[in-house]
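*Asks:* Curious how this folds, go ahead:
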Amino acid sequence: MRSVALSGVCEAAAVTTIEADWEQRIATLWAGIDDHEPEEFLAKVRELTSERVPDDANALFELASANDSTGHGDQAAPLYRQALDIGLTGERRRRAVIQLASTLRNLGRVEESVALLTAEREAGSDHLDDAVAAFLALALADAGREREAASLALGALARHLPRYNRSLAYYAQALLDTPEPA
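*Replies:* Just a heads-up that it's a prediction; the model follows:
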């Protein structure tokens, strides 16, 4: 009985090591993206993601990101959706929503982008909040909602200024409270 328990521990450790190795290799590849031609980079990501089971949400996310980063947004969008539908979690989940929304905006699906990012802003808070706000501001601007976009971007920026935080936050809100000039 003890050897069976030890065997399970060893198997779990091996899986953890394999997972960590894959994560390190994908991170290293992304760190060197500029060292590769776009199609070469995409091929390398495809090779790494092919090591995983077909419905691995993390691998699908990485492949979507690689397609996106190499100018293949039309191929990236369904991969992001598939990763999210499978149950992508953690930071990758939030990044997938941001990246999918950005891709949709670039593909001309602005209202869908706004809806995704608006829901994401309401879903919780973490270190990617300002990224959500920035991409939502872009989508809002493309949707003809420039004052709302400027307000959102300035409100996010206000938190990072060494001075004038309160003033800028006030003016950002005032953009929403003041009617559009005729």
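*Asks:* mind checking how far residue 62 is from residue 33?
*Replies:* Distance, residue 62 to residue 33, by C-beta to C-beta, to the nearest Å: 12 Å. Heads up, the C-betas are built off the backbone N, CA and C, glycines and all.
*Asks:* the more surrounded of those two?
*Replies:* Counted by other C-beta atoms under 10 Å, residue 62 and residue 33 do not tie: residue 62 has more neighbours, with 25 against 14.
*Asks:* Give the next helix or strand downstream of the helix or strand encompassing that one.
*Replies:* Taking DSSP states H and E as the definition, residue 62 sits inside helix 57-69. Sequence-wise, the next helix or strand downstream of helix 57-69 (DSSP H and E) is helix 73-86.
*Asks:* for residue 111, what are its contacts?
*Replies:* For residue 111, the contact set (C-beta atoms under 8 Å, 6 or more residues apart in numbering) comprises residue 143.
*Asks:* Let me see the backbone angles for it.
*Replies:* phi -60, psi -40 (degrees, to the nearest 10).
*Asks:* what's the pLDDT at it?
*Replies:* Looking at residue 111, its pLDDT is 98.
*Asks:* In terms of helix, strand or coil, where does residue 112 fall?
*Replies:* helix (DSSP: H, G, I helix; E, B strand; the rest coil).
*Asks:* Give me the distance between the residue nearest to it when sequence neighbours are not counted and residue 139.
*Replies:* In this structure, residue 112 finds its nearest non-sequential neighbour in residue 104, 5.0 Å apart by C-beta to C-beta, 6 or more residues apart in numbering. For residue 104, the distance to residue 139 (C-beta to C-beta) stands at 8 Å.
*Asks:* do residue 171 as well
*Replies:* 22 Å.
*Asks:* who's more crowded, the two?
*Replies:* residue 139 (26 against 16).
*Asks:* Return the list of helices and strands in contact with the helix or strand that that one is a member of.
*Replies:* Using DSSP H and E, the element containing residue 139 is helix 129-142. Other helices and strands packing on helix 129-142, by 3 or more C-beta pairs under 8 Å, 6 or more residues apart in numbering; DSSP states H and E, are helix 90-106, helix 110-123, helix 146-158.
*Asks:* Please save the CA atoms from that helix in PDB.
*Replies:* Extracted in PDB, the C-alpha atoms of helix 129-142 (Å, rounded to 0.1, in the frame of the first residue of the first chain):
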ATOM      1  CA  ASP A 129      -7.500  46.500 -14.500                       C
ATOM      2  CA  ASP A 130      -5.700  49.300 -16.300                       C
ATOM      3  CA  ALA A 131      -5.200  47.100 -19.400                       C
ATOM      4  CA  VAL A 132      -8.900  46.300 -19.400                       C
ATOM      5  CA  ALA A 133      -9.600  50.100 -19.200                       C
ATOM      6  CA  ALA A 134      -7.100  50.900 -21.900                       C
ATOM      7  CA  PHE A 135      -8.500  48.400 -24.400                       C
ATOM      8  CA  LEU A 136     -12.000  49.400 -23.500                       C
ATOM      9  CA  ALA A 137     -11.100  53.000 -24.100                       C
ATOM     10  CA  LEU A 138      -9.900  52.100 -27.600                       C
ATOM     11  CA  ALA A 139     -13.100  50.100 -28.300                       C
ATOM     12  CA  LEU A 140     -15.300  53.000 -27.000                       C
ATOM     13  CA  ALA A 141     -13.400  55.500 -29.300                       C
ATOM     14  CA  ASP A 142     -14.000  53.200 -32.300                       C
END
